[in-house]
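Chemist: whatever this is, show me its structure:
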Amino acid sequence: MSDLSDSESHRLAVRIYLAIAAVLVVAVLLVLAFGLHVLGLIGIVLTVIVFAIMLAFTAGN
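Modeler: Got it, this is the predicted structure:
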C-alpha cells in the first residue's frame with residue numbers, strides 16, 4: 001500500500017508517538033498551571049486542528 005521501508009515506517013511511528021506524548025505533557029502542565037477550565041480550551045483547539053486536518057485530506061482527494 002505504501003512504499004515506506006520498515007525502518008522509515010518505524011521512524012515515522014516513533015515521531016508520531018513522541019508528538020502525542022509531547023501534547024499530553026503540555027496539556028498536563030497547562031492544567032496544573034491554570035486549572036481544569038483549560039481542558040475545555042484544549043478540547044476546542046484540538047477540535048479545530050482535527051477539522052483542519054480533515055479538510056486538508058478532503059481537499060487533496
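Chemist: in this structure, which helix has the most residues?
Modeler: helix 6-34 (DSSP state H).
Chemist: show residues contacting the following helix or strand past it.
Modeler: Toward the C-terminus, helix 6-34 is succeeded by helix 37-60 as the next helix or strand (DSSP states H and E). Under the criterion C-beta atoms under 8 Å, 6 or more residues apart in numbering, residues 27, 30, 31 lie in contact with helix 37-60. C-beta coordinates here come from the backbone N, C-alpha and C atoms, glycine included.
Chemist: returning to what we had before: for the record, mean pLDDT for the longest helix of the chain?
Modeler: Mean per-residue pLDDT for helix 6-34: 93.
Chemist: so that helix versus helix 37-60, what angle?
Modeler: 150 degrees (axes from the mean of the first three to the mean of the last three C-alpha atoms, to 10 degrees).
Chemist: and helix 6-34, what does it pack onto?
Modeler: helix 37-60 (3 or more C-beta pairs under 8 Å, 6 or more residues apart in numbering; DSSP states H and E).
Chemist: could you list the buried residues of stretch 8-17?
Modeler: For stretch 8-17, the neighbour count (16 or more other C-beta atoms under 10 Å) marks no residue as buried.
Chemist: an error on my part: the question was meant for stretch 15-25.
Modeler: So stretch 15-25, judged by 16+ other C-beta under 10 Å, has zero buried residues.
Chemist: roughly how far apart are residue 22 and residue 29?
Modeler: 11 Å (C-beta to C-beta, to the nearest Å).
Chemist: nope, residue 55 is what I was after
Modeler: As judged by C-beta to C-beta, residue 55 and residue 29 stand 29 Å apart.
Chemist: cool, and residue 7?
Modeler: 33 Å.
Chemist: over to residue 9?
Modeler: From residue 9 to residue 29 the distance is 31 Å (C-beta to C-beta).
Chemist: count the residues that sit near residue 42.
Modeler: Residues near residue 42, counting by other C-beta atoms under 10 Å, number 14.
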